[in-house]
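Colleague: what follows is a predicted protein model with its sequence.
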Amino acid sequence: MRSAGWTISDLRFRIRILEQKVRSFESGEKYVRMKEEFRKTHVAELRTIARLEKELSDAHAETIRVRELWYATCLDIEQACQKKLEQKDREIARLEKALLKAQTKQNEGREKLRAKTREYYEVAGQLEEEKEKNAALIARINKDHHNSSKPSSADPNHAVIHNSREKSGRKPGGQPGHVHYERKKQKPTDTIHIPTPDKYTKDSTYKRTGREIHKQLVCLELSAKVIDFVADEYRNQITGQRVHAEFPYGLVDDVTYDGSVKAMAYLINNGLYTSVDKTRVFLKEISHGAIDLSNGFICGLSKEFSKKTEVERNKIFLDLVASPLMHADFTFGRVNGKQGAVMICTSGDKVLYQGRKKKGDEGVKGTPAEYYDGTLVSDHEAALIKHGRRNQECLVHVSRYAKGSAENEPGLQWNHMLVDWINRSLDYWKNIHMEKVPYSREQAESYITELEEILVKAGEEYEYEPPSKYYREGYNLYKRMSEDTERYVLFLRDPSVPPSNNVAERCGRKFKRKAHQVMSFRSNKGFDYFCDGLTITESMRARKENVYDSIASRFNQK
């Protein structure tokens with residue numbers, strides 16, 4: 001029988017071998033033999049081990065010695081380093097103290113520098129502000145009729161205003177071949193025939209040609225024509241009532257002045273801007289004392305003329321509201337020591353002056369501009385551009401502001417470009433009306449595009465160099481034009497629209513002359529009466545009527 005590759009005989013053989021080994025161990029023989037073999041075999045190894053143990057001991061001793069030396073060396077190095085560190089610490093402490101002192105001085109210097117810098121910037125800011133103030137004052141001083149709305153007569157150093165005509169080098173007066181314009185011949189009231197000298201009549205060499213030479217002498221003579229209306233008086237014997245025939249209309253006082261006298265006094269006082277006293281004295285002297293009016297009578301003429309022309313003014317008001325094109329402007333005067341305003345509306349041969357307490361929206365109320373729905377030409381008054389279906393800004397005002405900006409903001413270019421653009425566009429518009437060039441939509445659009453480019457450049461320049469707070473007229477002009485450019489180019493899109501408001505400006509000068517003469521109107525009623533009269537007289541002049549006769553007829557009407 002086999003088990004796992006072993007036979008019973010094999011197992012018995014191995015058992016006997018193992019039993020022998022056990023008996024040898026039990027007897028000790030095997031142990032002794034093994035010990036002897038071990039001794040013989042490992043003597044060299046034991047010697048080697050002993051040698052190695054000795055070397056290990058020596059090495060350990062050497063290590064201890066080296067460690068002691070290293071420790072001593074480290075102590076020496078540590079002591080030397082400690083000394084060096086102490087020296088360094090002392091040096092660092094000294095340097096820190098010096099640094100602290102230097103930093104303290106530096107901080108003090110910085111504080112002083114900050115104070116000086118702050119003081120410098122304050123002084124520089126004040127200097128810059130003073131420069132801007134000086135520039136603003138210089139701009140105000142340099143304002144004249146070229147760069148502002150001031151009239152030329154208001155310039156402090158008024159000089160001769162030269163015209164734009166080029167000198168031809170010829171002598172003044174009529175040129176050879178020029179048609180002679182004679183003075184107007186008058187209808188003679190008297191004729192004086194000068195006798196011919198005897199040297200011409202008795203000398204046979206002189207023969208009469210049949211032609212007469214006439215030279216008129218025109219004299220002015222003012223005489224008072226006085227009509228004495230006489231009516232017989234009757235007395236009722238029963239009641240005592242006294243009666244007479246009815247006098248013509250207007251004959252109420254013992255002496256009544258008709259429209260010719262009133263028109264003369266009214267024109268001298270209000271048309272020639274003469275004071276009441278001078279008007280009275282002038283009429284008295286020129287009539288050799290026949291016409292001696294009172295100051296109250298002359299003062300009352302404005303009120304009387306205003307009442308007699310109320311219907312005519314109302315018609316002018318309605319005609320202006322219905323007109324397709326109207327000019328409007330404000331001007332100023334003083335009333336009872338306070339500033340008042342006058343609203344001027346004009347179109348064609350119709351002019352309307354209306355006294356107002358102030359300008360703006362309140363001043364527009366009750367004027368034709370409030371109800372106007374046509375094309376309105378005005379300056380940059382904000383209250384006026386709200387009215388009208390279309391608006392045209394006065395380019396003369398724009399040109400003045402642009403010139404002022406060019407003078408007071410020399411670092412900018414857009415203002416010079418705008419002045420040049422206005423001159424060229426106005427010349428183009430004038431040439432169209434003078435029929436020198438035909439109107440061209442393309443040419444007009446090119447001018448409009450050029451203006452838009454100028455305004456874009458203005459925005460870039462003001463963004464790079466902001467305007468001074470003391471002079472902002474140029475910047476304000478740029479803002480107004482960029483917000484609504486159409487108000488400045490309407491005359492290019494429609495050549496029938498004038499590019500300037502000079503018509504209303506010239507009407508405003510008529511009131512200014514009176515305002516300068518009286519200095520201040522005494523009452524609002526007197527202010528209104530003068531405006532009412534100016535409305536009628538300026539409308540007469542626009543229609544080319546004889547103002548004196550027309551005023552006299554108004555005074556004579558019922």
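Modeller: All right, it came through fine. Numbers count the residues shown, from 1 in each chain.

Colleague: which stretches of the stretch 201-350 of the chain form helices?
Modeller: 259-266, 276-286, 295-308, 310-322 (DSSP state H, counting those that start in this stretch).

Colleague: same check on the stretch 51-200 of the chain?
Modeller: So, for the stretch 51-200 of the chain - with DSSP H, counting those that start in this stretch - the helices run 198-201.

Colleague: quick one: low-confidence ranges for it?
Modeller: 139-140, 142-165 (pLDDT under 70).

Colleague: does Ile316 touch Ser539 like I think?
Modeller: Yes: the criterion here is Cβ atoms under 8 Å, and Ile316 meets it with Ser539 at 6.3 Å. All C-beta atoms are positioned from the backbone trio N, CA, C, and that covers glycine.

Colleague: residue ranges with poor pLDDT in the stretch 201-350 of the chain?
Modeller: Ranges of the stretch 201-350 of the chain meeting pLDDT under 70: none found.

Colleague: count the neighbours of Tyr478 for me.
Modeller: 26 (other Cβ atoms under 10 Å).

Colleague: now for it: which residues touch it?
Modeller: Contact partners of Tyr478, counting by Cβ atoms under 8 Å, 6 or more residues apart in numbering, are Trp414, Leu455, Ala458, Gly459, Tyr462.

Colleague: ok but it is inside a helix, no?
Modeller: Yes: Tyr478 sits within a helix when classified using DSSP: H, G, I helix; E, B strand; the rest coil.

Colleague: distance of it from Ser399?
Modeller: 14 Å (Cβ to Cβ, to the nearest Å).

Colleague: now do Tyr234
Modeller: Taking Cβ to Cβ, one finds Tyr234 at 76 Å from Ser399.

Colleague: neighbour-wise, which of the two wins?
Modeller: Ser399 (19 against 11).

Colleague: which element is the more buried one on?
Modeller: helix 395-408 (DSSP states H and E).

Colleague: may I have that helix exported as CSV, CA atoms only?
Modeller: C-alpha atoms of helix 395-408 as CSV (Å, rounded to 0.1, in the frame of the first residue of the first chain):
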residue,chain,number,x,y,z
LEU,A,395,-26.5,133.3,-37.6
VAL,A,396,-25.2,136.8,-37.0
HIS,A,397,-25.4,136.1,-33.2
VAL,A,398,-23.8,132.8,-33.8
SER,A,399,-20.9,134.4,-35.7
ARG,A,400,-20.4,136.9,-32.9
TYR,A,401,-20.2,134.2,-30.2
ALA,A,402,-17.9,132.2,-32.4
LYS,A,403,-15.6,135.1,-32.9
GLY,A,404,-15.6,135.7,-29.1
SER,A,405,-14.7,132.1,-28.5
ALA,A,406,-11.9,132.3,-31.1
GLU,A,407,-10.4,135.3,-29.2
ASN,A,408,-10.8,133.9,-25.7
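
Colleague: what's next to the helix or strand just after that helix, contact-wise?
Modeller: Next along the chain after helix 395-408, taking DSSP H and E as the criterion, comes helix 414-433. Residues from elsewhere that reach helix 414-433 (Cβ under 8 Å, 6+ apart): 395, 398-399, 402-403, 405-406, 409, 437-439, 443, 447, 450-451, 454-455, 457-458, 461, 474, 478, 491-492, 495, 499-500.

Colleague: tell me how many other residues crowd the closest residue in space to Cys299 that isn't next to it in sequence.
Modeller: Using Cβ to Cβ, 6 or more residues apart in numbering and skipping the chain neighbours, the partner closest in space to Cys299 is Val276 (6.0 Å). When neighbours are counted by other Cβ under 10 Å, Val276 registers 19.

Colleague: tell me where the stretch 151-300 of the chain has strands.
Modeller: 233-235, 242-244 (DSSP state E, counting those that start in this stretch).

Colleague: list the strands paired with the last one, with their directions.
Modeller: What it means is strand 242-244. strand 233-235 (antiparallel) (DSSP bridges).

Colleague: what comes into contact with the strand it pairs with?
Modeller: With Cβ under 8 Å, 6+ apart, strand 233-235 has contacts from Gln241, Arg242, Val243, His244.

Colleague: okay, the residues you listed in TSV with distance to Phe297 next?
Modeller: Listed next are those as TSV, based on distance: Cβ to Cβ, whole Å:
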residue	distance to Phe297
Gln241	32
Arg242	28
Val243	29
His244	26
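
Colleague: identify, from those, the entry nearest to Lys133.
Modeller: Nearest to Lys133, judged by Cβ to Cβ, of the contacts of strand 233-235 is His244 at 78.1 Å.

Colleague: what's near enough to touch that closest one?
Modeller: Counted by Cβ under 8 Å, 6+ apart, His244 has contacts Ala231, Asp232, Glu233, Tyr234.

Colleague: swap in 6 Å and give it another go.
Modeller: Applying Cβ atoms under 6 Å, 6 or more residues apart in numbering to His244 gives the contacts Ala231, Glu233.

Colleague: count of neighbours near Glu473?
Modeller: Counted by other Cβ under 10 Å, the residues lying close to Glu473 total 20.

Colleague: and what of the one 10 residues further on?
Modeller: By the other Cβ under 10 Å criterion, the neighbourhood of Glu483 contains 9 residues.

Colleague: and it, backbone torsions?
Modeller: Backbone torsions of Glu483, given as degrees, to the nearest 10, read phi -70, psi -40.

Colleague: state the distance from it to Val503.
Modeller: Distance from Glu483 to Val503, by Cβ to Cβ: 26 Å.

Colleague: for the residue lying closest to Lys514 once chain neighbours are set aside, what are its contacts?
Modeller: Nearest-residue entry for Lys514: Tyr273, 5.1 Å, with adjacent residues in sequence omitted and distances by Cβ to Cβ, 6+ apart. Counting by Cβ under 6 Å, 6+ apart, Tyr273 touches Arg513, Lys514, Gln517.

Colleague: quick check: domain ranges of the protein?
Modeller: 15-120, 298-556 (automatic domain parsing).

Colleague: most tightly packed of those?
Modeller: domain 298-556 (a mean of 18; mean count of other Cβ atoms under 10 Å).

Colleague: next, the distance between the ends of that one.
Modeller: 16 Å (Cα to Cα, to the nearest Å).

Colleague: likewise for stretch 467-486?
Modeller: 25 Å.

Colleague: next one: stretch 344-360
Modeller: 13 Å.

Colleague: now it, how far from the centre of its chain.
Modeller: 25 Å (Cα atoms, centre = their mean, to the nearest Å).

Colleague: before we move on, the earlier item: got a markdown table for the contacts of Tyr478, with distance to Tyr428 too?
Modeller: Shown next, in a markdown table, are the contacts of Tyr478 (distance: Cβ to Cβ, whole Å):
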| residue | distance to Tyr428 |
| --- | --- |
| Trp414 | 20 |
| Leu455 | 19 |
| Ala458 | 22 |
| Gly459 | 25 |
| Tyr462 | 28 |
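
Colleague: which two of those residues have the greatest separation?
Modeller: Every pair of those checked by Cβ to Cβ; the farthest is Leu455 and Tyr462, at 10.6 Å.

Colleague: in TSV: the strands of the stretch 151-300 of the chain, plus distance to Glu285.
Modeller: Output for the strands of the stretch 151-300 of the chain, formatted as TSV (distance: least, Cβ to Cβ, whole Å):
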stretch	distance to Glu285
strand 233-235	37
strand 242-244	36
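
Colleague: figure out which of those strands is closest to Val179.
Modeller: strand 242-244 (62.5 Å).
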